[in-house]
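**Q** Quick one: sequence and predicted model below, then my questions.
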Amino acid sequence: MEKAKRASIWLLPVILLSYFVVGFPDGSFTVSWLGIAYDIPGMTTAHTGWILVGYSVTYTLAGVILSWVNRFLKLQTIYFWGLIIMGLGFIGLALSPNFAAVVAFISLYGFGTGAMASSMNSYMAKHFTARHNNWMHFFWGAGAAISPIIMGQSMLAHSWRTGYFVITAVLGLVAVMLFISMYKKVWIDDAAATLEADAVKKSKKFLTKKWHQNVQVLTFFFLGGTDYTLVFFTGAALIARGYYNVTIFSAVYYLFMTLGRMVTGWVARWLKEVSIIRISVLVSVTGIGVLYFTSSVIGMAVVGFGLGPLLPTLVSDTSNCFKPNILPKIVGYELAAFGAGIAVLFFITSQILHFISYEALFYLGLSFIVLVFVCNEVLEKAHSKVS
């Protein structure tokens, strides 16, 4: 039986709508930080580094322990409790009196966000296809785009604290929807999935060596660095060149990243995951080239369109390469590595740009995306030998 055929007609809408709120932390904080820095005594822009570290560490931890937690809880249950933890983090942040509390509660909702992302990506890799996974990440992009609007309007009307209470109310509605979906048993039956997985294992070859898993995880480490370094530092690099109208670059990046996922969701029925990955890398490299040679926002749009499908498609391809029974472990590590790549490569890039030149950004971005491609091709070659 093909993936997703056992699912209730209500399951995919529940997943897509609920994953919408996973984009809230990234989007809302970019706006709320202005109010937090003003409202909390002694806080400056320099404190964002500690906040990023706190968020990244707990986000990564949630992915690392996913396989262990999955021994006791189903993936959809982990997803639900991740949402609850994220909501508690938002409430705590809204009530935070000082910097220490801000870091603590952002770290808390970082753990919840990591639990949601790793568990649902693992679930999608196990039961659905690259098409569905790209659609799910499209909804993440929609959440990341809308949450700044919610926060901005709340700050205009009252304060950033009100904004987080409003966002928590939205999370509450999603939590009710998830609870009802689990109560009504619309989620795919694990017993049936296990029987299918056993049948698949007899007819399909998988990668089994430890270094295969390590290379797979490393792919996501470089992908995390590619994504965040380009979107954060492109504006600064272009300003160093003398271009000052760069305020729309990040918005264009996320818009076209979301569009890339939507388009890939349409065409994925005709393309294999490896083809999508290769095309996405080629488009991303082309976009970096356009940025480097023209300093045009068109380059940023092309980069976003190319990078957008990579995360969901790489996650989906994991189910083609590794045994179903270890998918939660592998996908958990993948999302953890993605978060680690954001923190580590972001820091390294910031130091290189500061001490050497902002022009290095384009070479670093190109290097990171090429390393993503090389890691994936190594695994594809290894998989072709065992298939």
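**A** Structure received.
**Q** Output the below-cut-off pLDDT ranges for this protein.
**A** Residues of the chain meeting the criterion pLDDT under 70: 1-8, 30, 44-49, 189-204, 247, 387.
**Q** In it, which helix is the longest?
**A** helix 210-240 (DSSP state H).
**Q** First-to-last residue distance for stretch 303-319?
**A** From its first residue to its last, stretch 303-319 covers 26 Å (CA to CA, to the nearest Å).
**Q** buried stuff in it?
**A** Of the residues in stretch 303-319, 303-319 count as buried by neighbour count, 16 or more other CB atoms under 10 Å. Where you see a C-beta, it was placed from the backbone N, CA and C, and this is true even at glycine.
**Q** Likewise for stretch 206-213?
**A** 206-207, 212-213.
**Q** mind listing what's buried in the longest helix of the chain?
**A** 212-213, 215-235, 237-238.
**Q** From the contact counts, what lies against that helix?
**A** helix 249-267, helix 273-294, helix 297-307, helix 310-321, helix 327-355, helix 360-386 (3 or more CB pairs under 8 Å, 6 or more residues apart in numbering; DSSP states H and E).
**Q** Can you name the helix or strand that the nearest residue to residue 160 once chain neighbours are set aside falls in?
**A** With CB to CB, 6 or more residues apart in numbering as the criterion, residue 160 has its nearest non-adjacent residue at 3.4 Å, and that residue is residue 35. For residue 35, the host element (DSSP states H and E) is helix 24-39.
**Q** Direction-wise, compare the helix or strand just after that helix with helix 327-355 and give the angle.
**A** Sequence-wise, the next helix or strand downstream of helix 24-39 (DSSP H and E) is helix 48-64. Interaxial angle of helix 48-64 relative to helix 327-355 (axes from the mean of the first three to the mean of the last three CA atoms, to 10 degrees): 160 degrees.
**Q** how far does helix 48-64 sit from the chain's center?
**A** A distance of 13 Å separates the centroid of the chain from that of helix 48-64, by CA atoms, centre = their mean, to the nearest Å.
**Q** contact partners of it?
**A** For helix 48-64, the external contacting residues (CB atoms under 8 Å, 6 or more residues apart in numbering) are 25, 33, 82, 102-104, 106-115, 117-118, 331-340, 342-343, 346.
**Q** please redo it, this time with the cut-off set to 6 Å
**A** Applying CB atoms under 6 Å, 6 or more residues apart in numbering, the contact partners of helix 48-64 are 103, 106-107, 110-111, 113-115, 118, 332, 335-336, 339-340, 343.
**Q** cool, stretch 85-92 as well?
**A** So stretch 85-92 is contacted by 105, 108-109, 111-113, 164, 167-168, 171 (CB under 6 Å, 6+ apart).
**Q** likewise stretch 128-147?
**A** So stretch 128-147 is in contact with 3-4, 16, 19-24, 26-28, 124, 258, 261-262, 264-265, 268-269, 273, 309, 312-313, 315-316, going by CB under 6 Å, 6+ apart.
**Q** List only those of those flagged as buried.
**A** 3, 16, 19-24, 26-28, 124, 258, 261-262, 264-265, 268, 273, 309, 312-313, 315-316.
**Q** burial of the residue lying closest to residue 59 once chain neighbours are set aside, as a residue count?
**A** Nearest residue to residue 59, sequence neighbours excluded (CB to CB, 6+ apart): residue 114, at 3.7 Å. Neighbourhood size, residue 114 [other CB atoms under 10 Å]: 31.
**Q** So residue 114: helix, strand or coil?
**A** helix (DSSP: H, G, I helix; E, B strand; the rest coil).
**Q** List the contacts of it.
**A** Residue 114 neighbours (CB under 6 Å, 6+ apart): 59, 62-63.
**Q** In TSV: those residues, plus distance to residue 141 and neighbour count.
**A** Below are the contacts of residue 114 laid out as TSV (distance: CB to CB, whole Å; neighbours: other CB atoms under 10 Å):
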residue	distance to residue 141	neighbour count
59	18	27
62	21	27
63	20	28
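**Q** any chance of these in TSV, plus distance to residue 287?
**A** As requested, the contacts of residue 114 are exported to TSV (distance: CB to CB, whole Å):
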residue	distance to residue 287
59	26
62	31
63	28
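**Q** on that earlier part again, with respect to burial, which of the helices and strands packed on helix 210-240 scores highest?
**A** helix 310-321 (a mean of 26; mean count of other CB atoms under 10 Å).
**Q** For it, give me every contacting residue.
**A** By CB under 6 Å, 6+ apart, helix 310-321 touches 121, 125, 130, 133-134, 137, 207, 223, 273, 276-277, 280, 330-331, 383.
**Q** From the chain's centroid, how far away is it?
**A** 13 Å.
**Q** For residue 67, give its distance to residue 146.
**A** Residue 67 is 32 Å from residue 146, where distance means CB to CB, to the nearest Å.
**Q** Same check on residue 173?
**A** Applying CB to CB, the value for residue 173 to residue 146 is 14 Å.
**Q** cool, and residue 92?
**A** In terms of CB to CB, residue 92 sits 22 Å off from residue 146.
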